[in-house]
Every structure is written in structure tokens, then in C-alpha cells.
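A.B. asks: build me a model:
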Amino acid sequence: MSEDLNAPTIDETRQRLAREYGRTQRRLWLAELALSAVALVGVSASGAAVWLREVVAGLTSFPLLQVALFLLIGSAGYGATTWRTGMDWRRRARLAGWAIG
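C.D. replies: As a prediction, this is how the structure comes out:
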């Protein structure tokens, strides 16, 4: 009977298998964590989109709120444009069509 002197012992084999098992378990845990994070982000984004759509639909279902929303968005855009260009309040008033004596 010839014995292979380079063959690993039972203890060495057990330790190697335990290390490989531990690495595999960590990889599986990380993969599950990544999948959970992706699912959570997807559900959150989907929920936020549905919520925003419902809010906008609720706001636009009332005519007075439609007008207010339109004026708010329009004035914000107008204010941002004139603020970025550095206009003073008199020039902004003339641009808006207000007659200031």
C-alpha cells in the first residue's frame, strides 16, 4: 500500500471546508442583503410615484386649487428667472406689466 505523503489530513480538510462554507455563507448573506435593498428602493420609488400622482390628482380636482397651483408654479419660475438675471424690482414690475407711477 502506497500512501500519498502530500495528501491533506482530515483536520486540514475539515478546516478548509469550514472556511469555504463560511465564505459561501457570507456571499449568500450579502447577495440577500443586496436583493433586499434593491427591492426596498423599488418599492419606495414606486410608492412615492403613486403618492405624488395621487396628490397631484387631488390638487387638480378642485378648480380653485388648479388656479393656485398654476400661479404658484408660474410665479416661482418667473421669480427664479428674474432673480438669476439680476433684475431689480422696478424692471420686474415693468416686465410683468404692472403700471408703477
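
A.B. asks: now for A93, how many residues are close by?
C.D. replies: A93 has 13 neighbours, counted by other CB atoms under 10 Å. From N, CA and C alone the C-beta is placed, and that goes for glycine too.

A.B. asks: which other helices and strands does the lengthiest helix in the chain contact?
C.D. replies: Longest helix of the chain, by residue count under DSSP state H: helix 10-59. Packing partners of helix 10-59 (3 or more CB pairs under 8 Å, 6 or more residues apart in numbering; DSSP states H and E): helix 63-85.

A.B. asks: give me the mean pLDDT for the helix it packs on.
C.D. replies: The average pLDDT for helix 63-85 rounds to 69.

A.B. asks: and if you look at stretch 15-22?
C.D. replies: For stretch 15-22, the mean per-residue pLDDT is 91.

A.B. asks: what's next to that stretch, contact-wise?
C.D. replies: The contact list for stretch 15-22 (CB atoms under 8 Å, 6 or more residues apart in numbering) reads P8.

A.B. asks: alpha carbons only: can I get it in CSV?
C.D. replies: Output of stretch 15-22 as CSV, limited to C-alpha atoms (Å, rounded to 0.1, in the frame of the first residue of the first chain):
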residue,chain,number,x,y,z
GLN,A,15,-10.7,23.4,8.3
ARG,A,16,-10.6,24.1,4.6
LEU,A,17,-14.2,23.1,4.1
ALA,A,18,-15.2,25.2,7.1
ARG,A,19,-13.5,28.2,5.6
GLU,A,20,-15.1,27.7,2.2
TYR,A,21,-18.5,27.2,3.9
GLY,A,22,-18.1,30.4,5.8
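
A.B. asks: what is the burial count for L69?
C.D. replies: Counted with other CB under 10 Å, the neighbours of L69 add up to 14.
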